[in-house]
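Enquirer: would you be able to build a 3D model of this:
(one chain, ligands or ions: 3)
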Amino acid sequence: MSIKWANIALIGMRCTGKSGIGKEVARKLGWEFVDLDEEIIAFCGKTIDEITKSGQNWHDFREIETKILEKLLLREKCVISCGGGVGVNDIVSKNGDEYGEIQAQILKNADKTFKILLHSDINVIIKRFKNDVKNLANRPILSSKTNFEEDLVMQNFYRTPKYKKIAHTIVETSDAEWNFSKIIAEIIQKTSIKTNAVIGHPVKHSMSPHIHQACYQKLAIKSEFSFIHLEIKPMEIEKLRDYILQYNLWGISVTTPHKDAVMKICDKIDDFAKKCNAVNTIVRTAKNELIGYNTDYIGVFNSLPSEIEGKKIAILGAGGAARACLVALEKHAINTTVFVRDARKSSDLIDSFSVQIANIADFNADFFDIIINATSCGHKSEECPIDTSKISDKHTVFDLIYSPLYTKLLCDSQKNGAKIILGTQMLINQAMRQFELYTGYFADFKTMESAINTEILRQNEVSKMLSRIFVSIFGHGVEEIAKKLDLIDKNAQNIEIRADYIENLSLFDIENLAQIMSKYRTIFTARKKEHGGNGRFKNYDEIMKKAASLFDFIDIDVSDFALMGDLSSQKAKIIASYHDFNDMISQEKLDEIYENCKKADIIKIAITPQSTKDCIKCLSLLEKYDNLAIIAMGENCKSMRIDALKYGSKLAFAAAFESEKTAPGQVTLNDYVIY
Ligand SMILES: Nc1ncnc2c1ncn2[C@@H]1O[C@H](COP(=O)(O)OP(=O)(O)O)[C@@H](O)[C@H]1O
Ligand SMILES: O=C(O)C1=C[C@@H](OP(=O)(O)O)[C@@H](O)[C@H](O)C1
Ligand SMILES: [Mg+2]
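Expert: Ligands and ions are numbered 1, 2, ... in the order given. Below you'll find the model as predicted:
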C-alpha cells in the first residue's frame, strides 16, 4: 500500500462517526489518532458545554478550535477527527470573517492532508444523537433553536454543500451500524489509490481505461492508480463535482458530449484549451481545484509528419475535432483550408484562425499534400467524406476516426499509394499527455498501442459472441414483453421469445410479438409442459406455422419434429431442440436425433452434465458437428455455458434479468461479456 498523503482529516456532520471510525482507520494504518474536540477539552480543562456556556457562546470555542486545527494539520501520519463545525460554522471572528470560512481556507491550504467527508442520512444522525448519553456535555445545541432535532436538520441543510467544497472524497456511513470494517476498507482504498476516469455518454467503448491501465502495469504503479469508465448523461454533468467526490477522482478524461459543458465547471482553463474551445482533460489539484486542459490538439500535433513546412493542408469538418487540428496547425494557417458542408455557416473559424473555408463538395485532392478527416464520416458506416480517386503517393492522409481502425478513406488512400496515419496515433498521443498530467510519469507509446490492439481484438471477439447469444424473455402478455424489451441490456442483438408463458396464446398475439421484436433477430419458442415449458396448446401446429412465417428461428422439440408439416418454404430457420433436465446425453440418443431431424438448421441439445468428464465430452461434440448448439444446464455449469459458446456452439441463451431465468443455471449477457 502506498499512501502519499501526510495525514487524513475527517469532516462531516455530528454523529457521522468521525471520532469512532477515525480511531479505527488510524489503528489499521498504524498512524496516530487525534480528536480535535478532545484536544480542545484538554487545552481548556473544561467540557464543550462549559466552554460554550451550554451552547450560548461559541466564539471562544471556535477561536481555540481554529488554532488547534492549524497546528494538527502540520502533523504527519495522523488521522484527525474534526468536530462537525470545522470549515462550515457561521460564528463570526473579531475581524469580521466567519470562522467556518477561515477554517475552510486552512484546510484547503493543507494540501498534504487527505480530506474525507463522512456522510449519514439526517434521520440516522438524529437517531444516533438521541441514543448517545454523553452528548449533553460534548454536543451542546448550535443555534437559537430550542430542540436538537430541528437544530440538526438546519445544520445539515446549510453545512452539507460547504463540506463538499472542502472534501477530496465522500464516504457514506448511514448503514454502518457498528460494522465499520467496510467503511474502513473504503477509506483506506480511497486514500491509497488515485482514481482516474473517462466520462462520456456513451462511454463504454472508450479505450482510455485500457491504455492508461497498461502503462500502470508497465511502470509498476498499479497500486497507486486506477482508471474507470464513468457514464454521465448530459443532464447530470452539472453534478460532476459530486461524482468526483464519490469516486475520489483525480484525473478526468472527457469525451463526447461533455467537452464543452465541463468548461463551466473547471476552476481554471489552460490557454490552449481555451483556444480549442473544449476541455478533454481535467486535473484535480490537492487544493481541490479543477484545471481544464486540452490534449487533443497535442494528439494531432504529435501525429503529423515532421516536415509540414510549406505543405498544403486540408481539414475535413468544422466541429470540435477540427478545431483541435486548427490549434495544432496554427503556425501553418496560411496553408490550411477547412472543408465543410456549408461554407457560409462556419465563418467564426476564419475569424479565429484566419484559414480558408470551402465546400466539401468542391474538394480536389490535387491542391493538397496533407488531408485530415475530422468529420465522423466513416465511423458508423463504410462511407468516405471525399472522392479519393485523385489521391496518390504524394499525399499523406490522416483519419481521426479510430473505429474502425482502417476507415474507407484510409483503405482507398493506401491503395492509391498514399502514406496514411491511423486515428489511434492521435488517440495515443493525446493519452500520453494525459498520463503525464495524471501521474507525473511518462507513458510509453508502444505499451499504449499494444493495449489498443488487444482491446480491439477483445471487442471483436465479444461482438462475435454477442451475435450468437439470445436473451430469453417471457411474459404473460405481449404488453409485458414489450415493457421488458425496453429494460434489457443495450448490447442485446438477439431475443428468444418464450411464448409458452403467454396465456391463451393467439395468432394475433404472435403477429404483435413479431412487430415489437422487429429490430432483433428472434427465436420463437412455445415449449409444451411435457417438454419442460409452460404451454398447453390446442392449436400447436397452427401457432408454429404462423411463427415460422414471421420470425427468424422457431424452436421445435425433437419429439414433435416428425409431426410438423413441411416448413422449409417459410422464413424461419428451424431449431430442433432436445432437453434433459437431469442428465447428459448419450451418443446413441444424439445419433438418433441427427437421423430424425435432418431438416433442422440447428440441433440444440440442452442437457445437465454430471461431471467434468461430461463437460469435456460436450465441448468435443462441438468439434464433430457444425450445426450443434450445446446448452449446459444446472447451477454448477454456468461457466460451461459460456465455454460452449467460445468453443463454437451455434447458440447460447442469456437471462434478461438477474431475477428472471428461464432455465437452470442461466447467466446474463454481461456474464458472457465479462468472462
Ligand atoms: N456506524 C455507527 N453505528 C451506530 N452508531 C454509531 C455509528 N457511528 C457513530 N455512532 C454513534 O453516533 C455517535 C457519534 O459517533 P462519533 O464517532 O462520536 O461521531 P462524530 O465524531 O462524527 O460526531 C456515537 O454515539 C456513536 O455511538
Ligand atoms: O457540529 C458542531 O458544530 C460541533 C460538533 C462537535 O463535534 P462532533 O461532530 O464530533 O459531534 C463539537 O465539535 C462541537 O459540539 C461542535
Ligand atoms: Mg467527534
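
Enquirer: which single residue of the stretch 301-450 of the chain ends up nearest ligand 1?
Expert: Using CB to the nearest ligand atom, the single residue of the stretch 301-450 of the chain nearest to ligand 1 is Tyr438, 32.4 Å away. Just so you know, the C-beta spots here come from the backbone N, C-alpha and C atoms, and that holds for glycine as well.

Enquirer: count of neighbours near that residue?
Expert: Taking other CB atoms under 10 Å as the criterion, the count of residues near Tyr438 is 23.

Enquirer: the residue nearest to it when sequence neighbours are not counted in helix, strand or coil?
Expert: When the adjacent residues along the chain are set aside, Tyr438 lies closest to Gly251, with 3.3 Å between them (CB to CB, 6 or more residues apart in numbering). Classification of Gly251 using DSSP: H, G, I helix; E, B strand; the rest coil returns strand.

Enquirer: and the residue of the chain that's closest to ligand 3?
Expert: Shortest the chain-to-ligand 3 distance, computed as CB to the ion: residue-wise this is Ser19, at 3.4 Å.

Enquirer: that residue and Leu36 touch, don't they?
Expert: No - between Ser19 and Leu36 no contact is recorded; they are 9.3 Å apart, counting by CB atoms under 8 Å.

Enquirer: mutual contacts of these two, please.
Expert: Among the neighbours of Ser19, those also in contact with Leu36 (CB atoms under 8 Å, 6 or more residues apart in numbering) are Ser81.

Enquirer: of the two, who's got more company?
Expert: Remark: of Ser19 and Leu36, Leu36 carries more neighbours, 23 against 18, as counted by other CB under 10 Å.

Enquirer: quick one, what contacts that one?
Expert: With contacts taken as CB under 8 Å, 6+ apart, Leu36 has the following neighbours: 65, 68-69, 72, 80-83, 86.

Enquirer: now those as TSV including distance to Asp267, pLDDT and neighbour count?
Expert: Listed next are the contacts of Leu36 as TSV, based on distance: CB to CB, whole Å; pLDDT from 0 to 100; neighbours: other CB atoms under 10 Å:
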residue	distance to Asp267	pLDDT	neighbour count
Glu65	28	98	26
Ile68	29	98	18
Leu69	24	98	24
Leu72	27	97	20
Ile80	25	98	27
Ser81	28	98	28
Cys82	24	98	26
Gly83	28	96	23
Val86	23	98	28
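
Enquirer: nearest to ligand 2, of the residues you listed?
Expert: Nearest to ligand 2 out of those is Gly83 (CB to the nearest ligand atom; 2.2 Å).

Enquirer: SS state for that closest one?
Expert: Of the three states, Gly83 takes coil according to three-state DSSP.

Enquirer: name the nearest residue to it, sequence neighbours excluded.
Expert: Once flanking residues are discounted, Gly83 sits nearest to Asp37: 5.0 Å by CB to CB, 6+ apart.

Enquirer: what residues are up against the residue nearest to Tyr438?
Expert: The contact partners of Gly251, taken as CB under 8 Å, 6+ apart, are 194, 196-197, 281-284, 434, 437-439.

Enquirer: how close does it sit to Leu290?
Expert: 11 Å (CB to CB, to the nearest Å).

Enquirer: which neighbours do those two share?
Expert: 282-284.

Enquirer: just the residues you listed: which are in strands?
Expert: Using DSSP state E, 282-284 are the members of those that sit in strands.

Enquirer: now the residues you listed as a markdown table including neighbour count, pLDDT and distance to Ile315?
Expert: A markdown table is the format used below for those (neighbours: other CB atoms under 10 Å; pLDDT from 0 to 100; distance: CB to CB, whole Å):
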| residue | neighbour count | pLDDT | distance to Ile315 |
| --- | --- | --- | --- |
| Ile282 | 30 | 98 | 26 |
| Val283 | 19 | 98 | 28 |
| Arg284 | 22 | 97 | 33 |
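
Enquirer: you'd agree Ser19 is in a helix?
Expert: Yes - secondary structure of Ser19 (three-state DSSP): part of a helix.

Enquirer: list the contacts of the closest residue to it other than its chain neighbours.
Expert: Residue nearest to Ser19 in three dimensions, not counting chain neighbours: Ser81, with 4.7 Å by CB to CB, 6+ apart. Each residue near Ser81 by CB under 8 Å, 6+ apart is listed here: 10, 18-19, 22-23, 33-37.

Enquirer: where does the stretch 101-250 of the chain have low pLDDT?
Expert: 133, 135-137, 176-178 (pLDDT under 70).

Enquirer: and the helices in it, which stretches?
Expert: Listed in chain order, the helices found in the stretch 101-250 of the chain under DSSP state H, counting those that start in this stretch are 122-131, 135-138, 148-166, 181-192, 208-218, 240-247.

Enquirer: for ligand 1, what's the nearest residue on the stretch 551-675 of the chain?
Expert: When scored by CB to the nearest ligand atom, the stretch 551-675 of the chain has Glu658 as its residue closest to ligand 1, at 29.1 Å.

Enquirer: burial count for that residue?
Expert: Glu658 has 10 neighbours, counted by other CB under 10 Å.

Enquirer: my guess is it meets Thr668, correct?
Expert: Yes - counting by CB under 8 Å, Thr668 is a contact partner of Glu658 at 6.1 Å.

Enquirer: nearest to ligand 1 among the ones in strands among the shared contacts of Gly251 and Leu290?
Expert: Checking these one by one against ligand 1 (CB to the nearest ligand atom), the nearest turns out to be Arg284, at 25.3 Å.

Enquirer: who's in contact with Phe581?
Expert: Per CB under 8 Å, 6+ apart, neighbours of Phe581: 532, 608, 633, 664.

Enquirer: try it again at 7 Å.
Expert: Counting by CB atoms under 7 Å, 6 or more residues apart in numbering, Phe581 touches 532, 608, 633.

Enquirer: now Arg75
Expert: If you count contacts by CB under 7 Å, 6+ apart, then Arg75 has Asn7 around it.

Enquirer: the chain should start at 48 in everything you say after this.
Expert: Yes, from this point I'll number from 48; that puts the last item at Arg122.

Enquirer: ramachandran coordinates for it?
Expert: Here is the backbone geometry of Arg122 (degrees, to the nearest 10): phi -70, psi 160.

Enquirer: what does Lys592 give?
Expert: phi -60, psi -40.
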